[in-house]
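Asker: Show me how the following folds:
(chains A and B)
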Number of protein chains: 2
Amino acid sequence: MSLIVHKYGGTSMGSIERIGNVARRVAKWRRAGHDVVVVPSAMAGETNRLLGLAAELKAPQTQDAARELDMIAATGEQVSVGLLSLALQAQGVPAVGLAGWQVAVRTDGAHGKARIEEIDTTRVNEHLRAGRVVIITGFQGIGPNGHQTTLGRGGSDTSAVAMAAALGAQECLIFTDVDGVYTTDPRVVTEARRLPRITFEEMLEMASLGSKVLQIRSVEFAGKYRVRTRVLSSLTDPDIPIEEEAESGTLITFEEDQAMEDAVVSGIAFSRDEAKITLTRVPDTPGVAFRILGPVAEANIDVDMIIQNQSIDGTTDFSFTVHRNEYDKTLALLQGKVRADIGAGDIIGDQKICKVSVVGIGMRSHVGIASLMFKTLSEEGINIQMISTSEIKISVVIDDKYLELAVRALHKAFGLEEASA
Amino acid sequence: MSLIVHKYGGTSMGSIERIGNVARRVAKWRRAGHDVVVVPSAMAGETNRLLGLAAELKAPQTQDAARELDMIAATGEQVSVGLLSLALQAQGVPAVGLAGWQVAVRTDGAHGKARIEEIDTTRVNEHLRAGRVVIITGFQGIGPNGHQTTLGRGGSDTSAVAMAAALGAQECLIFTDVDGVYTTDPRVVTEARRLPRITFEEMLEMASLGSKVLQIRSVEFAGKYRVRTRVLSSLTDPDIPIEEEAESGTLITFEEDQAMEDAVVSGIAFSRDEAKITLTRVPDTPGVAFRILGPVAEANIDVDMIIQNQSIDGTTDFSFTVHRNEYDKTLALLQGKVRADIGAGDIIGDQKICKVSVVGIGMRSHVGIASLMFKTLSEEGINIQMISTSEIKISVVIDDKYLELAVRALHKAFGLEEASA
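Answerer: Residues are numbered from 1 along each chain as shown, chains lettered A, B, ... in the order given. Next up is the predicted model:
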């Protein structure tokens, strides 16, 4: 048969009973003749518990401290791997656990946010050939100096996809507590519909826009190495027929088919985590954008949307959005040295905003998406504060009190509630 | 200055506050100019918690399962190492944590009870030269197949002594929750006195006879590699003067001095964990001892004392002691096949016994120790059931209701309560 990578999140690994269910599900795939590699996360809450202990020590936030935090945090997945291996053995399935450093999963040395550079598959393949299920710690690897590294929150998704790429797996199954990717958040729009397929470009936009199904870097990885990745539920009966399970959830694919082109818009994404800042009467001179955003980047603040309009009378208004948690910090930074330096006017900020986006690969070959979006919002009396577009998405910033209204109206306007695909 | 290895037990590492105290103590030694390597245990209770989780999975007890248990259990020390390194950094002391596999501490492949075979000191020495305190996981290493191994309960003592041996450390300081080795258990004899020095042979007898200060294999290691090892308290003020701390506790040494020779008896050890079994009317033929104890060894039951007396009329009584937990199992084994096989008479067992021993290197050059011991017990009306001797100890088995009485009487008879040395 073929090689399949499974990934299970912290909730799925959250208790001994649940680990037993994961083992049953894995055993079912193994007994059906597949080679199986499993990447489990730490048990729910464990990483927070460990990092909480470490935080109490109040060590200075140096590279040395980041290295030790990785050593501590990496243990959560190691325990999960050992427990899942025992659970499989208890069900009569030969299994072996490997930590990232044993594989080895080689990363750069950026502790706490390392990137995978290379995976040696020799050892994994040996165990697979010997008929074992191979269970590998997610979220971690080994850096150039032989210290353990971690990939950042949600990194186990990336570990699984990277492992699937390195091993040439047929598919990477990301088992999670939702049953797939939806046209929008079902808590906001009850008619939201699960997408059986989505392109990785669309998934990238959906993930980065606040659909927290997959870590965004895992989607980038899936796209770069063309890994067929499926998001599906770990909450179903572990013994459901394998044919049914293999078709469930949402497949993230790079093979665009006609049905997907026809869909035009795949989903409505949104985020409440944003805040906007506008510098007024900015002199329209070369380099001014850098003089504004350079200091922001240096302070390690991520900027999302950036908008600068045509200048009138030699000045322009310059707006951008940041994560709401960084709003005060950014404002303080600009109101100090930056504003004086560039000779801008007032600085206006607003935290009560949200971002709503329509996403769809079909947009590339269809006109009129933007105008339908703007018309729909206008009919609901919603004022658009900022607009930003990419090849496959259109995002608008609006007052956050209109978020649900906007998402519902757009979901309906683009016909996403109808059964299709 | 010189290189010192510190080892801290699970109680000393039991909370963030205590880890802070350990860091203060280590920092004091580092600031005094010593190179310091620290081997911490897992936080108290952590290894039990982890193994308890694993036990719930009820995997068959195979080598494969033992390997996964080691992977799980090894994480406890890894967390301790990371936390202690952060605690030192918080106090301004450069520190780096290393897991056993990183050092590497190479062991055989006996998961759960591995033995250290070789320690590569290259990496540790590099960090020491760079001015860092090096913190190394106790209790674990890496086996021939690249899997993590653990050394068994109390293995961190052995890790520390082995590390001291490999690095040629001046001294290995085992910080624990007692302040040294006593002439006997102070809970039984209030006049018990701390021994400032003890030879490793004596310590070996004391450790194997139930003074649970140090894991016995660590003492063997100290003897084999002639590592000066000191047992001292981790409960003192971490800032006590270093000169005072360096002379505290009990030094386990291989340099016997005259004072030690004069002491004759160093301490009274005892154990309540024993049970005795006697096979009566055993035919006195060659190979009979093996035919009795062979099946016992095959069942993985450790035998302690073995006594066979001169035969009368071609038969003899054959007695031995086992751990009390193995009593029922051993009895069942003998009453079945073994007894019929050798044609012995009744089998008599007794769990209500204890073993009391006098231990002393000076015994080698003094006569009359045994007779003073037997006289003392006789004066208290205590019947001796079994006797066993080695070069530096005499052990007797008595009714366990007399344990405290015997220990107190012997402690007094050998003058151990007086200040000396």
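Asker: Just after the worst-scoring helix or strand of chain A on mean pLDDT, pick out the following helix or strand.
Answerer: Here the helix or strand of chain A ranked lowest by mean pLDDT, DSSP states H and E is helix A:258-263, holding a mean of 61. Remark: after helix A:258-263, the chain's next helix or strand is strand A:267-271, criterion DSSP states H and E.
Asker: Can you report how many residues lie near A:Gly343?
Answerer: By other C-beta atoms under 10 Å in any protein chain shown, 12 other residues sit near A:Gly343. In short, each C-beta sits where N, CA and C put it, glycine included.
Asker: can you check A:Leu293 too?
Answerer: Using other C-beta under 10 Å, A:Leu293 is surrounded by 16 other residues.
Asker: for the helix or strand hosting it, packing partners?
Answerer: A:Leu293 belongs to helix A:288-298 when assigned by DSSP H and E. On a contact count with 3 or more C-beta pairs under 8 Å, 6 or more residues apart in numbering or on different chains; DSSP states H and E, helix A:288-298 meets strand A:274-283, strand A:303-308, strand A:315-323, helix A:327-333, helix A:339-342.
Asker: out of the ones you listed, which comes closest to chain B?
Answerer: Set against chain B and scored by C-beta to the nearest C-beta, the helices and strands packed on helix A:288-298 come closest in helix A:327-333, at 24.6 Å.
Asker: Could I get the helices and strands packed on helix A:288-298 in JSON lines, plus columns for mean pLDDT, distance to chain B and mean neighbour count?
Answerer: Converted to JSON lines, these look like this (pLDDT from 0 to 100; distance: least, C-beta to the nearest C-beta, whole Å; neighbours: other C-beta atoms under 10 Å in any protein chain shown):
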{"stretch": "strand A:274-283", "mean pLDDT": "89", "distance to chain B": "33", "mean neighbour count": "20"}
{"stretch": "strand A:303-308", "mean pLDDT": "83", "distance to chain B": "32", "mean neighbour count": "16"}
{"stretch": "strand A:315-323", "mean pLDDT": "87", "distance to chain B": "27", "mean neighbour count": "20"}
{"stretch": "helix A:327-333", "mean pLDDT": "91", "distance to chain B": "25", "mean neighbour count": "16"}
{"stretch": "helix A:339-342", "mean pLDDT": "84", "distance to chain B": "36", "mean neighbour count": "14"}
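Asker: Check the burial of A:Val264 by counting its neighbours.
Answerer: Other residues lying near A:Val264 total 20 when counted by other C-beta under 10 Å.
Asker: From chain B, how far out is it?
Answerer: Going from A:Val264 to chain B by C-beta to the nearest C-beta, to the nearest Å gives 49 Å.
Asker: my read: that residue touches A:Val359, true?
Answerer: No. Contact criterion C-beta atoms under 8 Å: A:Val264 and A:Val359 do not qualify, at 10.5 Å.
Asker: returning to that earlier point: closest to B:Asp346 out of the helices and strands packed on helix A:288-298?
Answerer: strand A:315-323 (82.1 Å; C-beta to C-beta).
Asker: the inter-axis angle of that closest one versus strand A:303-308?
Answerer: Following axes from the mean of the first three to the mean of the last three C-alpha atoms, to 10 degrees, one obtains 170 degrees for the angle between strand A:315-323 and strand A:303-308.
Asker: CA atoms only for strand A:315-323, dumped as PDB, please.
Answerer: Extracted C-alpha coordinates of strand A:315-323, given in PDB (Å, rounded to 0.1, in the frame of the first residue of the first chain):
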ATOM      1  CA  THR A 315       1.300  65.300   1.700                       C
ATOM      2  CA  THR A 316      -0.500  62.000   2.100                       C
ATOM      3  CA  ASP A 317      -2.100  59.900   4.800                       C
ATOM      4  CA  PHE A 318      -0.200  56.700   5.700                       C
ATOM      5  CA  SER A 319      -2.200  53.900   7.300                       C
ATOM      6  CA  PHE A 320      -1.300  50.400   8.500                       C
ATOM      7  CA  THR A 321      -2.600  47.700  10.800                       C
ATOM      8  CA  VAL A 322      -0.900  45.800  13.600                       C
ATOM      9  CA  HIS A 323      -2.000  43.100  16.000                       C
END
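Asker: Give me the mean pLDDT for stretch A:214-230.
Answerer: Per-residue pLDDT values across stretch A:214-230 average out to 87.
Asker: surely A:Arg230 meets A:Phe175?
Answerer: No. A:Arg230 is not in contact with A:Phe175 according to C-beta under 8 Å; the separation is 9.3 Å.
Asker: quick one, which of the two is more surrounded?
Answerer: A:Phe175 (25 against 21).
Asker: Pretty sure A:Val93 sits in a strand.
Answerer: No. Applying DSSP: H, G, I helix; E, B strand; the rest coil, one finds A:Val93 to be coil, outside a strand.
Asker: In contact with the residue in the stretch 251-400 of chain A that chain B sits nearest to, which residues?
Answerer: For the stretch 251-400 of chain A, the residue closest to chain B is A:Asn300, as judged by C-beta to the nearest C-beta, at 21.1 Å. If you count contacts by C-beta atoms under 8 Å, 6 or more residues apart in numbering or on different chains, A:Asn300 has none.
Asker: And the one 4 residues further on, by the same measure?
Answerer: Contacts of A:Asp304 were listed using C-beta under 8 Å, 6+ apart, and they are A:Glu274, A:Phe320, A:Thr321, A:Val322, A:His323, A:Lys355.
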